[in-house]
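>>> let's see this in three dimensions:
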Amino acid sequence: IPTPNIQVINEVWQEAININANCYKDGKFIVKDFLTLEEKINLALSKLKRNTNYEAPTTCLDINWVGGYDSAQMLNAKRTLCLEVGLESCTFTDCNDIDHVLSLDEAKEVCIKVAYEFEARRAAYKDKKRRIESCTTIEELEEIEI
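Here you go, the predicted structure:
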């Protein structure tokens, strides 16, 4: 066996394969993370983005509405149009594609709740993104739950 290689028995080699070992240290095969802090930050940011659902349903009036910024804008635009033409109610469609006739006050409540939840999700995302980007050590980064 040429140096710097080592001789191992088949059982040890098989275990190294089973754990996807990529390093041999202190007499043992191990899985070692070779990523830099910058690479880990980029992975954490990608994971955060994938895990953030701005369009998660918003519950208001015991009904689940489509969430997110676009939904809040669309609902508010519809409510405003109904108000402008003198209607006393408008129809909003929930996240299950079921129509609900709402008073303009109820419609306003839904619009505000959907917008509020979007802004809360966005603020939480931005806060966590800034915390991740400001990490100066891998240990600091690993303390952030994504």
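
>>> regarding C95, what is its secondary structure?
Look at C95: counting by DSSP: H, G, I helix; E, B strand; the rest coil, its state is coil.

>>> surely it and W65 touch.
Yes: the pair C95 / W65 is scored as a contact, 6.0 Å apart, by Cβ atoms under 8 Å. Yep, even glycine has a C-beta here, placed from its N, CA and C like the rest.

>>> so those two - more neighbours on which side?
A side-by-side neighbour count of C95 and W65, using other Cβ atoms under 10 Å, places W65 first with 24 against 16.

>>> how far away is that one from E106?
Distance, W65 to E106, by Cβ to Cβ, to the nearest Å: 11 Å.

>>> same question, I144
Using Cβ to Cβ, I144 is found at 39 Å from E106.

>>> neighbour count: the two, which is higher?
Set side by side, I144 and E106 show more neighbours around E106, with 18 against 12, by other Cβ under 10 Å.

>>> you'd agree that one is in a strand?
No: assigned with three-state DSSP, E106 falls outside any strand and is helix.

>>> fine, thanks again, bye for now.
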